[in-house]
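Asks: can't give you the sequence, but here's the structure:
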């Protein structure tokens, strides 16, 4: 899966540079986690400083031993909660910026020959970390190809074009608004189709674990396969639902299905899945490989 190409990671580029260009789409979540972590930290310190007065207050309702235990347990619980929240905030920031950039490099490395790629698609491109990584790869290989970033928001598309300009790949990038459940492209249109931490958001209005949400995700995956040319490569990095994608790709008779090792992102399990659309239809289930080199 081009593991040598994928070895280019954030070690070659400071995460501060990446953050300065792309920022963070869900910064409200990070602020929420940090505020609660600080609040729980302050409360735990107050429990430590005013331990005896708190014990006296609890003693009004409990025995002395039970009061001291309750005060100690409360302080320890608050301190542990603060540590967990700080850890969650750190993992969220790492996943949203440095890890996302690193996984984009790995996804690009799943395509062995970019010089033959004329059209590529990034489904749910967001602010363009993966989109611009693909464009950079096209630029490096001297390809005349282009990559299309599809998103549901015009505001996001404008932000994506700005980041492409900063990265110096604007001539390789096109952004479009559209419904991912019905991609606005013809059959067999793209040589490469990619998507990063987006599929799991489709159908979230029904709840992540509902049958309706799963059907919506499978619909998008089917659209991904539809617009992919025979012999083309698809790469998806996503959270939680990867086994569903693998089963669906097998049903669609995709070839060379590969699943990466688990990567913790946004405090949950994530995997990268790559596959190739067969040049012609064939019978029988597709083979799934676990590629631990990624």
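Replies: Done, it's in. Predicted, not measured: the structure shown is a model, and the values here were computed from it.

Asks: Note down every partner strand of the longest strand seen in the chain and its orientation.
Replies: What stands out as the longest strand in the chain, according to DSSP state E, is strand 228-239. Strand 228-239 sits in its sheet next to strand 190-196 (parallel), strand 268-276 (antiparallel), going by DSSP bridges.

Asks: Low-confidence ranges, the chain, go.
Replies: 1-13, 281-294 (pLDDT under 70).

Asks: hang on, the earlier thing: looking at the strands paired with strand 228-239, which is closest to residue 258?
Replies: In terms of C-beta to C-beta, the element of the strands paired with strand 228-239 nearest to residue 258 is strand 268-276, at 4.9 Å. Every C-beta, even on glycine, is put in place using the N, C-alpha and C of the backbone.

Asks: Okay, buried residues for that closest one please.
Replies: Buried residues in strand 268-276, defined by neighbour count with 16 or more other C-beta atoms under 10 Å: 270-276.

Asks: residues making contact with it?
Replies: Applying C-beta atoms under 8 Å, 6 or more residues apart in numbering, the external contacts of strand 268-276 come out as 1, 103, 106-107, 110, 197, 231-240, 242, 245-246, 249, 254-264, 286, 294.

Asks: Just the buried residues of those.
Replies: Neighbour counting with 16+ other C-beta under 10 Å marks 1, 103, 106-107, 110, 197, 232-239, 242, 245-246, 249, 254, 257-260, 263, 286, 294 as buried within these.

Asks: can you give me the helices in the protein?
Replies: 15-22, 27-49, 51-59, 64-94, 100-109, 129-140, 154-167, 211-227, 242-251 (DSSP state H).

Asks: what about these, which gets the closest to residue 189?
Replies: helix 211-227 (4.8 Å).

Asks: quick one, the closest one and helix 242-251 angle?
Replies: Calculated by axes from the mean of the first three to the mean of the last three C-alpha atoms, to 10 degrees, helix 211-227 forms an angle of 50 degrees with helix 242-251.

Asks: Please name every helix or strand in contact with helix 211-227.
Replies: Helix 211-227 sits against strand 119-123, strand 190-196, strand 228-239, helix 242-251, with contacts defined as 3 or more C-beta pairs under 8 Å, 6 or more residues apart in numbering; DSSP states H and E.

Asks: As JSON lines, those with distance to residue 90 would be great.
Replies: Formatted as JSON lines, the helices and strands packed on helix 211-227 follow (distance: least, C-beta to C-beta, whole Å):
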{"stretch": "strand 119-123", "distance to residue 90": "27"}
{"stretch": "strand 190-196", "distance to residue 90": "20"}
{"stretch": "strand 228-239", "distance to residue 90": "18"}
{"stretch": "helix 242-251", "distance to residue 90": "24"}
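
Asks: what's the closest of those to residue 49?
Replies: Across those, closest to residue 49 is strand 228-239 (C-beta to C-beta), at 40.5 Å.

Asks: Tell me, how many residues neighbour residue 81?
Replies: Residues lying near residue 81 (other C-beta atoms under 10 Å) number 17.

Asks: need the contact list for the closest residue to it other than its chain neighbours.
Replies: Spatial nearest neighbour of residue 81, chain neighbours left out: residue 40 (4.7 Å); criterion: C-beta to C-beta, 6 or more residues apart in numbering. Listed by C-beta under 8 Å, 6+ apart, the contact partners of residue 40 are 78-79, 81-82, 85.

Asks: If we use 6 Å, what do you get?
Replies: The contact partners of residue 40, by C-beta atoms under 6 Å, 6 or more residues apart in numbering, come to 78, 81-82.

Asks: For residue 188, state which of the residues you listed is nearest.
Replies: Of all those, residue 188 sits closest to residue 81, with 52.4 Å by C-beta to C-beta.

Asks: how close does that closest one sit to residue 26?
Replies: The gap separating residue 81 from residue 26 is 21 Å, by C-beta to C-beta, to the nearest Å.

Asks: do residue 43 as well
Replies: In this view, residue 43 and residue 26 are 26 Å apart by C-beta to C-beta.

Asks: Counting neighbours, go ahead and name the busier of these two.
Replies: Counted by other C-beta under 10 Å, residue 43 and residue 26 do not tie: residue 43 has more neighbours, with 17 against 12.

Asks: Leaving out sequence neighbours, find the closest residue to that one.
Replies: In space, and not counting its chain neighbours, residue 43 is closest to residue 78: 4.8 Å by C-beta to C-beta, 6+ apart.
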